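**Q** What shape does this take:
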Amino acid sequence: MYFFEGIDYSKDPSSEDQKSFDRMLEEQMAEFQKAAGEGRALRHKAGFSLSVAFALPARKRKPLTEAELELRQQRRQEAAAKKAKMIEDKKKQEQEERQRKKMAWWESCGYRSLCLQPVDSEEEGQDEEDDSSVCSTDSNSTDIHYVLGDVTHPHTARGDAIIVHCVDDSGRWGRGGLFTALEMRSDEPQKQYELAGKMKDLELGNVFLFPIDDKQSRLDGQDQLALIVAQQRDKANNLSGILLSALEEGLKKIYSAAKKNSGMEKHKTNKTCNKN
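**A** Next comes the predicted model:
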């Protein structure tokens, strides 16, 4: 690579080559001084570079030590965590603001949501402890028991019952199947569901619990309907399948509500027995 046209360029440059190189440097320096007077226009000059002008190699950075590399990584992680927290706080503030506006809108319309409250972590932990104690004493108590018959008329000897039905977030009551069967039992399901849709209260995982004894009822108990919002409809009216995360969230809320109602009924029964 050092030989070209029979000349060995690996040796010291000739006097003519040195003069040509010095002349090139003088021309580059003159061009640089002229361009420097033009201010920032120098940056937009096509093909011009300081490193090329002076024929100087770029200065290499000093390699970082292991401690410096670790410190730099730590600072990057802290900056990323800080940025993520800022984004999360901003989303939380926006969500709180939307919730505040929605509550004000509901109040102005006189709307009261029948949606069950979320189960907090402490209550959920207590439920898991109760479930484990029940399983340890009676393995049959948590088994699934299949019952044949009309789901809108629960088979129970005494006490209240909850009918569970999954709906989507469109706010449009369906036709046929369980939708029509529930209409035969009560006017409340369609009324409450469409009202919740109008008030933008049909978020995934929401559960609406209300009695359905206005058309048909039982003498020995009260039946309630729990509507779980577990499906979505897109703009093209396509219906998704049942989303298991929303279904699980809804079932937890129903379990908590049923447990509280059961406890209240036991308290009333004990109080009545004591009076007698």
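**Q** and residue 105, that's in a helix?
**A** Yes. Looking at residue 105 with DSSP: H, G, I helix; E, B strand; the rest coil, it is inside a helix.
**Q** how many neighbours does it have?
**A** Counted with other C-beta atoms under 10 Å, the neighbours of residue 105 add up to 12. The way it works is simple: take the backbone N, C-alpha and C, and place the C-beta from them, glycine included.
**Q** how close does it sit to residue 256?
**A** Distance of residue 105 to residue 256, computed by C-beta to C-beta, to the nearest Å: 28 Å.
**Q** Tell me the secondary structure at residue 167.
**A** From three-state DSSP, the assignment for residue 167 is strand.
**Q** Helix or strand: which one has the closest residue to it other than its chain neighbours?
**A** Nearest residue to residue 167 in three dimensions, chain neighbours excluded: residue 227, at 5.2 Å (C-beta to C-beta, 6 or more residues apart in numbering). Using DSSP states H and E, residue 227 sits within strand 223-231.
**Q** Just the buried positions in that strand, please.
**A** 223, 224, 225, 226, 227, 228, 229, 230, 231 (16 or more other C-beta atoms under 10 Å).
**Q** per-residue pLDDT, the third one?
**A** Confidence per residue is given as pLDDT, and for residue 225 that number is 95.
**Q** roughly how far apart are it and residue 150?
**A** Taking C-beta to C-beta, one finds residue 225 at 14 Å from residue 150.
**Q** got it, and the fifth one?
**A** For residue 227, the distance to residue 150 equals 18 Å [C-beta to C-beta].
**Q** what ranges do the helices span in the stretch 51-200 of the chain?
**A** Using DSSP state H, counting those that start in this stretch, the helices found in the stretch 51-200 of the chain span residues 66-109, 121-137, 177-185, 188-198.
**Q** Highest mean neighbour count out of the ones you listed?
**A** Of all the helices of the stretch 51-200 of the chain, helix 188-198 has the most neighbours on average by mean count of other C-beta atoms under 10 Å, namely a mean of 18.
**Q** what's the next helix or strand after that helix packed up against?
**A** Helices and strands here follow DSSP H and E; after helix 188-198, the next one along the chain is strand 207-211. Applying 3 or more C-beta pairs under 8 Å, 6 or more residues apart in numbering; DSSP states H and E, we find strand 207-211 packed against helix 188-198, strand 223-231, helix 244-275.
**Q** Please name the strands paired to the strand holding residue 227 in the sheet, noting orientation.
**A** Strand pairing for strand 223-231, determined by DSSP bridges: strand 161-168 (parallel), strand 207-211 (antiparallel).
**Q** out of those, nearest to residue 199?
**A** Within the strands paired with strand 223-231, the stretch nearest residue 199 is strand 207-211; the backing value is 11.5 Å (C-beta to C-beta).
**Q** in the closest one, what's buried?
**A** By neighbour count with 16+ other C-beta under 10 Å, strand 207-211 contains the buried residues 207, 208, 209.
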